[in-house]
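> Here is the input, now give the coordinates:
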Amino acid sequence: MPDNFTGLIVDQKDGTVAASIQSLDQEQLPEGDVLISVEYSSLNYKDGLALTGKNKVVRSYPMVPGIDFVGTVEASQSPAWKPGDAVISTGWGVGENRWGGFAQKARAKSEWLVRLPPGMEPRIAMAIGTAGFTAMLSLMALEDHFVQPNGMETVVTGAGGGVGSMAVALLAATGYQVVASTGRSDTGEYLKMVGASSILDRSELASPGGPLGTGRWGGAIDTVGGDTLAGVLRTMAPGGSVAACGNVAGFALNTTVLPFILRGVNLLGINSLDVPIERRRVAWQRLAKLLPADLILKMMRVVPLQDVPLLANEILQGRIRGRIVVDVHG
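Take a look at the predicted model:
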């Protein structure tokens with residue numbers, strides 16, 4: 001295989017961050033015991049931040065963003081992997097403090113990789129990506145706290161985005177009655193196709209209210225944070241749990257202790273970066289089982305690497321529905 005390959009580089013000069021497609025050399029890749037020929041990556045909210053230089057997501061420059069990738073092992077110094085193995089990488093700071101998936105090659109640590117589930121196409125794996133993985137971890141956390149499909153409604157906030165739409169699909173596939181909360185009026189039919197039983201305007205959750213409201217939700221997956229999460233907490237039913245996995249509405253949480261001490265509500269933090277490998281494997285096995293390829297195809301679109309910089313602002317502004325899969329050879 002040739003040592004030169006194409007990648008999307010983000011660099012900083014005089015305080016300005018710019019992205020460009022460049023020819024790269026294999027020697028520029030970070031250290032790691034597995035060399036991967038990348039097939040697809042995906043565009044995530046964090047990638048949008050990296051490409052635009054916001055929130056100091058990138059720890060050092062130059063950087064290849066792309067927090068996800070799927071590909072084939074080209075060379076391995078680890079007994080865990082051999083050339084030809086199909087692998088998935090998510091998390092571990094890839095695309096933030098070490099080069100990521102927006103390139104035709106990547107180097108990773110063997111213990112960070114999981115095997116592509118049998119029968120799953122690489123592009124489907126990246127349509128799921130960190131978004132679906134995070135949604136699956138959120139569902140597993142709810143199950144760990146005894147939230148079950150028992151007839152009560154489960155709400156997903158930011159449902160039109162990548163994590164949100166994956167959460168809706170996973171919950172619906174597991175038998176939950178899912179209410180999709182969104183501020184985008186054009187996503188209603190899409191979210192019902194994904195599995196939502198009804199649509200809730202985000203203003204109903206984000207609007208100011210008292211410390212407790214009517215206890216409606218048996219469970220919740222919140223991808224938004226801020227006032228929306230506060231609204232979810234005060235309207236949880238007794239014993240309900242909220243899996244919090246996003247902060248697009250802000251880092252601050254203005255709430256009270258009353259949902260926790262009067263209703264026994266659980267607030268569960270979801271970190272998808274450094275998840276132990278066994279839980280990663282379980283999550284991907286369940287993703288492969290619960291999400292049929294024909295549904296994922298309706299939730300995704302594939303773009304070439306050169307289109308990624310143009311889409312960065314769109315994902316930050318909440319204008320992308322579902323999932324963007326990046327063909328690094330396109």
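> any idea how far residue 321 lies from residue 118?
29 Å (C-beta to C-beta, to the nearest Å). Glycine gets a C-beta too; all of them are placed from N, C-alpha and C.
> So if I had to pick from these two, which one is more boxed in?
residue 321 (18 against 8; other C-beta atoms under 10 Å).
> now the more buried one, what's its secondary structure?
coil (DSSP: H, G, I helix; E, B strand; the rest coil).
> Any regions of the chain where pLDDT drops low?
1-2 (pLDDT under 70).
> quick one, domains of it?
Annotated domains of the chain cover 4-116+295-327, 130-269 [automatic domain parsing].
> Those: which one's closest to residue 122?
Taking C-beta to C-beta, domain 4-116+295-327 is the member of those nearest to residue 122, at 4.5 Å.
> End to end on the closest one, go ahead and measure it.
18 Å (C-alpha to C-alpha, to the nearest Å).
> Return the distance of it from the chain's centre.
Between the centre of domain 4-116+295-327 and the centre of its chain there are 13 Å (C-alpha atoms, centre = their mean, to the nearest Å).
> ok, the closest residue to residue 290 other than its chain neighbours - contacts?
Distance criterion C-beta to C-beta, 6 or more residues apart in numbering; nearest residue to residue 290, sequence neighbours excluded, is residue 173 at 4.4 Å. Residue 173 sits next to 195, 290, 291 when contact means C-beta atoms under 8 Å, 6 or more residues apart in numbering.
> Helices of the stretch 201-330 of the chain, residue ranges please.
All helices of the stretch 201-330 of the chain, identified by DSSP state H, counting those that start in this stretch, fall at 203-206, 226-234, 258-262, 277-290, 293-299, 308-316.
> Could you point out which of these sits nearest residue 139?
Proximity to residue 139 (C-beta to C-beta) singles out helix 277-290 among those, at 8.2 Å.
> Can I get the closest one in CSV, CA atoms only?
The C-alpha trace of helix 277-290 is given here as CSV (Å, rounded to 0.1, in the frame of the first residue of the first chain):
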residue,chain,number,x,y,z
ILE,A,277,-14.0,-2.4,25.9
GLU,A,278,-16.5,-5.1,27.1
ARG,A,279,-19.3,-2.5,27.4
ARG,A,280,-18.3,-1.2,23.9
ARG,A,281,-18.6,-4.7,22.5
VAL,A,282,-22.0,-5.2,24.1
ALA,A,283,-23.2,-1.9,22.8
TRP,A,284,-22.2,-2.6,19.2
GLN,A,285,-23.7,-6.1,19.3
ARG,A,286,-27.0,-4.6,20.4
LEU,A,287,-26.8,-1.8,17.8
ALA,A,288,-26.3,-4.4,15.1
LYS,A,289,-29.4,-6.3,16.4
LEU,A,290,-31.8,-3.4,17.0
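> In this protein, which residue is most central in space?
residue 131 (2.1 Å; C-alpha atoms, centre = their mean).
> ok, and the closest non-adjacent residue to the residue of the chain positioned farthest from its centre?
The centre of the chain is farthest from one residue, residue 262, which by C-alpha atoms, centre = their mean lies 32.4 Å away. Leaving out its chain neighbours, the residue that sits closest to residue 262 by C-beta to C-beta, 6+ apart is residue 212, at 7.0 Å.
> same deal with residue 246?
Nearest residue to residue 246, sequence neighbours excluded (C-beta to C-beta, 6+ apart): residue 223, at 3.6 Å.
> And residue 104, by the same measure?
Nearest to residue 104 is residue 5, by C-beta to C-beta, 6+ apart, at 4.0 Å.
> and residue 34, what are its bridge partners?
Beta-bridge pairing for residue 34 (DSSP bridges): residue 76, residue 108.
> now the lengthiest helix in the chain, how far from the centre of its chain.
Longest helix in the chain by number of residues (criterion: DSSP state H): helix 122-144. Averaging C-alpha positions (C-alpha atoms, centre = their mean) puts helix 122-144 7 Å from its chain's average.
> Check which helices and strands the helix or strand that it is followed by sits against.
Next in sequence after helix 122-144, counting helices and strands by DSSP states H and E, comes strand 153-156. For strand 153-156, the packing partners by 3 or more C-beta pairs under 8 Å, 6 or more residues apart in numbering; DSSP states H and E come out as helix 162-174, strand 177-182, strand 217-222.
> on that earlier part again, got the domains of the chain as JSON lines, with distance to residue 277 columns?
As requested, those are exported to JSON lines (distance: least, C-beta to C-beta, whole Å):
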{"stretch": "domain 4-116+295-327", "distance to residue 277": "6"}
{"stretch": "domain 130-269", "distance to residue 277": "13"}
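> which stretch among these comes nearest residue 123?
domain 4-116+295-327 (5.3 Å).
> tell me the SS of the residue nearest to residue 104?
Assigned by three-state DSSP, the conformation of residue 5 is strand.
> Okay then, goodbye and thanks.
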